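Student: Whatever this is, show me its structure:
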Amino acid sequence: MGIRKGTVILTPAFGIPSPSLERGKNSKPCADYLTKIFLVPERSSEGEVSSRKPEEAECAVPPSPSPNLERGPGVRIESLRPGDIVLTHRGRFCRILSVHNKHYRGPLVGLKRKGCEQILWLTPSHLVAVPLPQLPSFKAKLETAQLLRRKSTKSEDILWQALRNGGLEHKFRRQHILGPFVADFYCPALRLVIEIDGTIHETTDQKAYDEFRQRIIEQCEIAFLRVSSRETEKRPAKVIRRIASVVEPRKQQMSYGVRWLAAGNLKSGDRVCCKGNTQYRTIESNEYIEVVEPLYNLTIEADNSYVSSVCTIHS
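Tutor: Residues are numbered from 1 along each chain as shown. Okay, the predicted model is just below:
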């Protein structure tokens, strides 16, 4: 995976470091802070990316220029160095651990989004952040979920204790409301539903309803995993291992309100995340070319992502 030389990567204006990183914490900077320290890129008549004058930006922290950062909100990827700071998909700043430069022969896909003159050229397999669909606004009653928690089955109690003590590193919620439905167990970070199927789910009518319900929920990019109540009661450790095998790939695909999709799978009309996961823009067009040239990529601490002038990219 890689992107073309000359791609502009968003960095703090004037090399201002993130206060959260200076304190050694991972807290998210607020939107006001981002607004104050980011300058909006503008394009000159020569086509070069420039920035507004410094007096137009009110900085929350006194400017502290870095020798490795060019003046302005965007730096060409080939000019970045380890230790420099970039914006990530979580809307916070993280440091670059390493910069990769490899010779590449093959196709590149060019993504052009509305409102941006630049084209992002990257390998078709490179992952791009796209927004997750919103859940239906109509919701089941809270009293329904509370009643289901009080009247939980033996298999639900066993799996709930296993999920809490199974070391999966992700929190699950019990009898969680998803639109008009209530899921047995739900992990918000992974958008993963776990349903326990007892003997009642073997009837024809119940199977038809379960399939209908699952299709509706899956349209919101929520994955389903079904386990039997019999197996949960007799072999809970095996069920947890099965859940863990689904969690790991799901963790790679989902992260903090975005879904990662290969650039080659994007098409005109799709939406992508810009400036982290706070803004969404529409792909206007895409095209393919064959190249023989060096491509670049970055390894970013913690968040494994960075934001270009076009959209948010996985590192």
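Student: C-alpha from now on. contacts and neighbour counts both.
Tutor: Will do.
Student: need the longest helix for the protein.
Tutor: Determined from DSSP state H, the single longest helix within the chain is helix 236-253.
Student: That helix - contacts with which helices or strands?
Tutor: Packing contacts for helix 236-253, counted by 3 or more CA pairs under 8 Å, 6 or more residues apart in numbering; DSSP states H and E, involve helix 154-165, strand 258-262.
Student: do you know which of the ones you listed lies nearest residue 99?
Tutor: Each of the helices and strands packed on helix 236-253 has some distance to residue 99 by CA to CA; the shortest is strand 258-262, at 20.9 Å.
Student: between the helices and strands packed on helix 236-253, which gets nearest to residue 148?
Tutor: When those are compared (using CA to CA), the closest one is helix 154-165, at 10.4 Å.
Student: pLDDT averaged over that closest one - what is it?
Tutor: Taken as a whole, helix 154-165 has a mean pLDDT of 87.
Student: orientation of the one helix or strand residue 196 maps to relative to helix 236-253 in degrees?
Tutor: Using DSSP states H and E, residue 196 maps to strand 192-197. Here strand 192-197 runs at an angle of 150 degrees relative to helix 236-253 (axes from the mean of the first three to the mean of the last three CA atoms, to 10 degrees).
Student: centre of the chain versus strand 192-197, how much separation?
Tutor: 23 Å (CA atoms, centre = their mean, to the nearest Å).
Student: Need the residues that contact it.
Tutor: Identification of contacts with strand 192-197 by CA atoms under 8 Å, 6 or more residues apart in numbering yields 155-156, 183-187, 222-229.
Student: The same query, at a cut-off of 10 Å, please.
Tutor: The contact list for strand 192-197, computed with CA atoms under 10 Å, 6 or more residues apart in numbering, reads 153, 155-156, 159, 172-176, 178, 183-187, 210, 214, 217-218, 221-232, 243, 246-247, 250-251, 254.
Student: And that strand, what's buried?
Tutor: Buried residues in strand 192-197, defined by neighbour count with 16 or more other CA atoms under 10 Å: 192-197.
Student: now those in a markdown table, with pLDDT?
Tutor: Formatted as a markdown table, the buried residues of strand 192-197 follow (pLDDT from 0 to 100):
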| residue | pLDDT |
| --- | --- |
| 192 | 90 |
| 193 | 92 |
| 194 | 92 |
| 195 | 92 |
| 196 | 90 |
| 197 | 86 |
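Student: Of these, just say which sits nearest to residue 313.
Tutor: residue 192 (23.1 Å).
Student: Which secondary structure state is assigned to the residue lying closest to residue 200 once chain neighbours are set aside?
Tutor: Leaving aside its sequence neighbours, residue 200 sits nearest to residue 206 (CA to CA, 6 or more residues apart in numbering; 7.1 Å). When classified by DSSP: H, G, I helix; E, B strand; the rest coil, residue 206 comes out as helix.
Student: any idea which of the helices and strands packed on helix 236-253 is most buried?
Tutor: strand 258-262 (a mean of 20; mean count of other CA atoms under 10 Å).
Student: count of residues packed around the residue nearest to residue 78 when sequence neighbours are not counted?
Tutor: With sequence-adjacent residues excluded and distances taken as CA to CA, 6+ apart, residue 78 is closest to residue 5, at 6.2 Å. Number of residues near residue 5 (other CA atoms under 10 Å) recorded here: 18.
Student: Also residue 249?
Tutor: The number of residues near residue 249, taken as other CA under 10 Å, comes to 11.
Student: Ok, residue 266 next?
Tutor: 19.
Student: so how far is residue 100 from it?
Tutor: Noted for residue 266: a distance of 24 Å to residue 100, by CA to CA, to the nearest Å.
Student: got a list of what the nearest residue to residue 109 once chain neighbours are set aside touches?
Tutor: Excluding the flanking residues, the one nearest residue 109 by CA to CA, 6+ apart is residue 288, at 4.6 Å. Each residue near residue 288 by CA under 10 Å, 6+ apart is listed here: 107-111, 121-124, 264.
Student: Quick one, grab the pLDDT at residue 288.
Tutor: Confidence for residue 288, expressed as pLDDT, is 93.
Student: Okay, and it sits in which element?
Tutor: Judged by DSSP H and E, residue 288 forms part of strand 279-300.
Student: Extract the C-alpha set from that strand and format it as PDB.
Tutor: What follows is strand 279-300 as a C-alpha-only set of coordinates in PDB (Å, rounded to 0.1, in the frame of the first residue of the first chain):
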ATOM      1  CA  GLN A 279     -16.700  15.900   8.100                       C
ATOM      2  CA  TYR A 280     -17.900  13.800   5.200                       C
ATOM      3  CA  ARG A 281     -17.500  14.600   1.500                       C
ATOM      4  CA  THR A 282     -18.700  12.900  -1.700                       C
ATOM      5  CA  ILE A 283     -16.400  11.300  -4.300                       C
ATOM      6  CA  GLU A 284     -16.900  13.100  -7.600                       C
ATOM      7  CA  SER A 285     -14.900  10.700  -9.800                       C
ATOM      8  CA  ASN A 286     -12.200   8.100  -9.800                       C
ATOM      9  CA  GLU A 287      -9.800   7.000 -12.500                       C
ATOM     10  CA  TYR A 288      -6.900   4.400 -12.900                       C
ATOM     11  CA  ILE A 289      -3.400   4.800 -14.300                       C
ATOM     12  CA  GLU A 290      -0.400   2.400 -14.500                       C
ATOM     13  CA  VAL A 291       2.800   3.800 -12.900                       C
ATOM     14  CA  VAL A 292       6.400   2.800 -12.200                       C
ATOM     15  CA  GLU A 293       7.500   5.200  -9.400                       C
ATOM     16  CA  PRO A 294       8.200   5.400  -5.600                       C
ATOM     17  CA  LEU A 295       5.200   5.500  -3.300                       C
ATOM     18  CA  TYR A 296       5.000   6.700   0.300                       C
ATOM     19  CA  ASN A 297       3.300   5.600   3.500                       C
ATOM     20  CA  LEU A 298       3.500   6.600   7.200                       C
ATOM     21  CA  THR A 299       3.400   4.600  10.400                       C
ATOM     22  CA  ILE A 300       1.500   6.600  13.000                       C
END
